[in-house]
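**Student:** Structure for this input, please:
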Amino acid sequence: MIEVVPAKPQHVATIARRLREIDVLECEMMGHTPKGALRTGLLGSTIAWTVMIDGRPEAMMGAVPVNIMEGRGRAWLLMTDVAAKQSVSLVRLGEIYTRAMHRHYRMLENWIHADNNKTIRWLTRLGYAVGPVDVIRGHPMRPFVRQE
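**Tutor:** Here you go, the predicted structure:
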């Protein structure tokens, strides 16, 4: 069973220990450990949720303000392999929670590793425009943005 609940600090450690390899790489590229990235995302977000699967935290997502005056927020999602296997449900949830983030921000943006193909497909299905590859800290990254 999949349930989405408000993100809490006690969800961080269990997700961080089991994060997907590509998510760990993205965290490291931004100068964070998985635990540090989840904590930073949770503490900096105006809104954040945890995806529970069979009662266990498997993903965390939210939006951090980038520029309040311009209505720009940084959408983020970190997940375990268990969550990644729920692609149909994640698209449905992604639609719901993207709309919720857009209540706070006119524009949602971030960067994704160019090798994170599954999440790039997911973002595209949710209406995000995924840009061309750029090299950041020696890794191929792609910007993504969704404007309402």
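
**Student:** so what's R17 up against?
**Tutor:** Listed by Cβ atoms under 8 Å, 6 or more residues apart in numbering, the contact partners of R17 are P34. C-beta coordinates here come from the backbone N, C-alpha and C atoms, glycine included.

**Student:** what's the weakest-modelled helix or strand in this structure?
**Tutor:** Across the helices and strands of the chain, mean pLDDT, DSSP states H and E gives its lowest value to helix 87-102, namely a mean of 90.

**Student:** mind checking how far it is from the chain centre?
**Tutor:** In terms of Cα atoms, centre = their mean, to the nearest Å, the centre of helix 87-102 is set 11 Å apart from its chain centre.

**Student:** Note down every partner strand of whichever helix or strand comes after it and its orientation.
**Tutor:** Tracing the chain C-terminally past helix 87-102 and defining elements by DSSP states H and E, one meets strand 107-113 next. According to DSSP bridges, the neighbouring strands of strand 107-113, each with its direction, are strand 72-79 (parallel), strand 139-147 (antiparallel).

**Student:** Including mean pLDDT and distance to V130, could the ones you listed go into CSV?
**Tutor:** Output for those, formatted as CSV (pLDDT from 0 to 100; distance: least, Cβ to Cβ, whole Å):
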stretch, mean pLDDT, distance to V130
strand 72-79, 97, 13
strand 139-147, 96, 5
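
**Student:** okay, those, which one's buried deepest?
**Tutor:** With neighbours defined as mean count of other Cβ atoms under 10 Å, the strands paired with strand 107-113 peak in mean count at strand 72-79, which reaches a mean of 22.

**Student:** C-alpha coordinates for it, CSV please?
**Tutor:** Once side chains and other backbone atoms are set aside, the C-alpha atoms of strand 72-79 remain, and they are given as CSV (Å, rounded to 0.1, in the frame of the first residue of the first chain):
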residue,chain,number,x,y,z
ARG,A,72,10.6,30.0,-8.5
GLY,A,73,11.1,26.8,-6.4
ARG,A,74,13.5,23.9,-6.6
ALA,A,75,11.5,20.6,-6.8
TRP,A,76,13.4,17.6,-5.5
LEU,A,77,12.8,13.9,-5.0
LEU,A,78,15.1,11.2,-3.5
MET,A,79,14.0,7.6,-3.5
